[in-house]
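Engineer: coordinates for the following, if possible.
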Amino acid sequence: MRCLLNSFKPNVMAMKISDDDAWQAVEKRSKAHDGQFFTGVLTTGIYCRPSCAARHPKRQNVRFFESCEAAQAFGLRPCKRCRPDSITRDHAAIMKVIAIINTADSVPALQFLAEQTGYSPSHLQRLFKRETGLSPAAYARARRSQNAQDMLAKSKYVTDAIYDSGYGAPSRFYSENKGRLGMKPSIWKNGGAGAHIYWTIADTNLGPMLVAASDQGVCRLSFGENEDALHARFPKAILSEGDKEFAALVKRVIDAVEQPGEAHHIPLDVQGTAFQEAIWKQLRLIPPGETRSYAELAAAVGCPKAYRAAGSANGANNIAVLIPCHRVVASDGGLGGYAYGLEIKQKLLDAERKA
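Structural biologist: Model prediction:
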């Protein structure tokens, strides 16, 4: 799911949210909910952002609207303090910046982008990061990196793909993508060709667990899978059953699974879009014993409207438990889904709450 890079839509369309959840957001003055809905104050005849700093009205005098247009059709006028109607202008500015970046041969300067939108550089930087979770420069780099990955999958030569993606030199590509790609691009583009991946099936209190790792770190952790499933993911990699050094890593992985706690000491080899990697990073920040909803996860990366994309990124996680996608639950408190079954998910959550 390339929410940020291919189909980004800022917070101008309403996310379905209950009145109770909307009121809680108003009480918290949640900026993450700005644009998801608008708060109409019937006694004063105005409508506001959820984050408006004005004194809170009484709950019985409030009605929620999905858009500025809906609030205005009801006869309300925009608050002069929080200026909720400016969200439409902000949206237009963000979309213009994205269009400029997507067609630029190099990373545009922030000053240039500000001049094109009529915002100050500092305000544009804050606005863009609030809506996308990235600065304009970071977005441009992520976009270029994504282009490179797409080209790597199509091009016969790695160097051609790098230049065709807008990089002035291969060194620039490797510098920007250090730590993101895991396996080298030439290996990645060929389904793992040349990569040596060690694997094993480990017995755990949750059942058989597949653990696989490259030289960079753990690249697959799943339940109920075997070598065939691993081969399907890395069809051209060299797959070998683990040696003694790998056995030491597997022991640390088993300990992290059976004795819940922080697992940041275990190296990982993951690869995803900028949005996916932002979601996976947030997953690792959820403390053991706690859970988050998909909406909360999306808001945490600066894209509160992208709760469905957050769910897709959660499902695209290749490394169970170590990237704890089991800590994401439905907004109503239910377990939601889990690739390896709700029984395993419940056991993981129960163990973490007791730890």
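
Engineer: what residue ranges in the protein score low on pLDDT?
Structural biologist: 1-16, 87-88, 131-133, 145-191, 261-264 (pLDDT under 70).

Engineer: list the contacts of the residue nearest to the spatial centre of it.
Structural biologist: By Cα atoms, centre = their mean, the chain has its centre lying nearest to Ile279, at 2.9 Å. Counting by Cβ atoms under 8 Å, 6 or more residues apart in numbering, Ile279 touches 297-298, 301, 310, 313-314. (Each C-beta comes from the backbone N, C-alpha and C, glycine too.)

Engineer: in helices only, show me those.
Structural biologist: Cross-referencing those against helices under DSSP state H gives 297-298, 310, 313-314.

Engineer: what are the buried residues along stretch 91-103?
Structural biologist: 91, 93-95, 97-98, 100-101 (16 or more other Cβ atoms under 10 Å).

Engineer: equivalent analysis for stretch 70-79, please.
Structural biologist: Neighbour-count burial for stretch 70-79 [16+ other Cβ under 10 Å]: 70-72, 76, 78-79.

Engineer: including secondary structure and distance to Gly336, could those residues go into a markdown table?
Structural biologist: Listed next are the buried residues of stretch 70-79 as a markdown table, based on DSSP: H, G, I helix; E, B strand; the rest coil; distance: Cβ to Cβ, whole Å:
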| residue | secondary structure | distance to Gly336 |
| --- | --- | --- |
| Ala70 | helix | 30 |
| Ala71 | helix | 32 |
| Gln72 | helix | 36 |
| Leu76 | coil | 36 |
| Pro78 | strand | 37 |
| Cys79 | coil | 36 |
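
Engineer: and of those, the nearest to Cys48?
Structural biologist: Cys48 lies nearest to Cys79 out of the buried residues of stretch 70-79, by Cβ to Cβ, at 4.3 Å.

Engineer: for that closest one, which non-adjacent residue is closest in space?
Structural biologist: Using Cβ to Cβ, 6 or more residues apart in numbering and skipping the chain neighbours, the partner closest in space to Cys79 is Cys48 (4.3 Å).

Engineer: backbone dihedrals for that neighbour, please?
Structural biologist: phi -130, psi 170 (degrees, to the nearest 10).

Engineer: report the contact partners of it.
Structural biologist: 38-39, 41, 54, 79, 81-82, 84.

Engineer: related to what we said a few turns ago, name the nearest of the contacts of Ile279 relative to Val26.
Structural biologist: Nearest member of the contacts of Ile279 to Val26, counting by Cβ to Cβ, is Ala298, at 18.9 Å.

Engineer: burial check on that closest one, number of neighbours?
Structural biologist: Using other Cβ atoms under 10 Å, Ala298 has 28 other residues around it.

Engineer: my guess is it contacts Ala313, does it?
Structural biologist: No - using Cβ atoms under 8 Å, Ala298 is not in contact with Ala313, being 9.1 Å away.

Engineer: now the host helix or strand of the residue nearest to the centre of the chain: how far from the chain's centre is it?
Structural biologist: Using DSSP states H and E, Ile279 sits within helix 274-285. Distance of helix 274-285 from the chain centroid (Cα atoms, centre = their mean, to the nearest Å) equals 5 Å.

Engineer: all helices for the stretch 201-350 of the chain, in order.
Structural biologist: Taking DSSP state H, counting those that start in this stretch to define them, one finds helices in the stretch 201-350 of the chain at 227-233, 244-258, 274-285, 294-300, 307-315, 342-354.

Engineer: mean neighbour count, the ones you listed: which tops it?
Structural biologist: Most buried of those, by mean neighbour count (mean count of other Cβ atoms under 10 Å): helix 294-300, with a mean of 23.

Engineer: residues in contact with that helix: which ones?
Structural biologist: Applying Cβ under 8 Å, 6+ apart, the contact partners of helix 294-300 are 15, 17, 30, 32-33, 279, 282-283, 285, 292, 304-311, 314, 328, 330-331, 336.
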